[in-house]
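# Structure of the sequence below:
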Amino acid sequence: METIRINQKEQQYTIKSIQPVAEHVIQIMFANDIPQEYGDIQVYTAGGYQCANLPGYDTVYRDEGQTVYLSDDGSIYMPSENPGEQLPPEPYTPTLAELQVAKKAEVAAACEQAIYRGVSVTLADGNMEHFSLTEHDQLNLFGKQSQLVAGAEQLEYHADGQPCRYYSASDMQSIIQAAMWHVSYHTTYCNAINMWIAGCQDPEDVTEIFYGADVPEEYRSEVLDVYLLQIAAMAEDGKDETVS
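Numbers count the residues shown, from 1 in each chain. This is a model prediction of the structure:
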């Protein structure tokens, strides 16, 4: 689940959802604990990456227990004289800025999942094994680099669904390189999409963006262009091997 922090404080609160419901009002559905005060809200993905910052939401607009509505303009909810009226009373059309924040959060979550899915690596014996890359996996795997530098000839690790075994130094180096490339590419690609989202002037353009889309040239960084050339070269090599 996503989490939020208030005013950059250390404590994090697990949430089920966070979304705008009016021009100056957001709705937060808490899973467990509820903050005693509010303010600037930092939103984090399930993997701990900050995906949004929502400043100024320091007023409780309406409190429904585990669901809290906050406003950034000091407004509070005034019950309607008509019984049964819902909040908000009419469908709300998010602003461009709100759509951009939501889209960046969506993209960040997709990037995180793409990284976590990991990589498949062909080892020296010709067998291919798959390695997930959750945060824990990344720390564990990249930590093997120091063992390689120290001169280890074989290192213990495991592929997905397999028992731990020893890998040769060359195989472990191949795994680490593939993992680092995978993480770096997706991080670079996600950054380019965020630049694309920030550059949109039309709400419809924002809604059409998705993780995996071709980033327009004006939003690609030099680093992303290099990665795309590498991907194209790898695809061409794979096509040549198939033909031969």
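# What's the first helix or strand after the helix or strand hosting residue 42?
Applying DSSP states H and E as the criterion places residue 42 in strand 39-44. The C-terminal neighbour of strand 39-44 among helices and strands, as given by DSSP H and E, is strand 50-57.
# what's the angle between the helix or strand immediately after that next one in the chain and strand 39-44?
Later in the chain than strand 50-57, the nearest helix or strand by DSSP H and E is strand 59-64. Going by axes from the mean of the first three to the mean of the last three C-alpha atoms, to 10 degrees, strand 59-64 is angled at 60 degrees with respect to strand 39-44.
# Identify each buried residue in the helix or strand following strand 59-64, please.
Using DSSP H and E, the helix or strand that follows strand 59-64 in sequence is strand 67-71. For strand 67-71, the neighbour count (16 or more other C-beta atoms under 10 Å) marks 68-71 as buried. Yep, even glycine has a C-beta here, placed from its N, CA and C like the rest.
# hey, what's residue 155 bridged with?
residue 167 (DSSP bridges).
# How about residue 111: what's its closest non-neighbour residue?
Nearest non-adjacent residue to residue 111, counting by C-beta to C-beta, 6 or more residues apart in numbering: residue 190, 3.9 Å away.
# what kind of secondary structure is residue 98 in?
helix (DSSP: H, G, I helix; E, B strand; the rest coil).
# Need the pLDDT of the nearest residue to it once chain neighbours are set aside.
Using C-beta to C-beta, 6+ apart and skipping residues adjacent in sequence, the residue nearest residue 98 is residue 20, 4.7 Å away. Residue 20 carries a pLDDT value of 86.
# top helix in the chain by residue count?
If each helix of the chain is counted by residues according to DSSP state H, the longest one is helix 169-199.
# and the next element down the chain from that helix?
Per DSSP H and E, the helix or strand that comes after helix 169-199 is helix 203-207.
# elements contacting that following helix?
In terms of contacts (3 or more C-beta pairs under 8 Å, 6 or more residues apart in numbering; DSSP states H and E), helix 203-207 is packed against helix 96-117.
# so who does residue 169 touch?
Applying C-beta atoms under 8 Å, 6 or more residues apart in numbering to residue 169 gives the contacts 148, 152-155.
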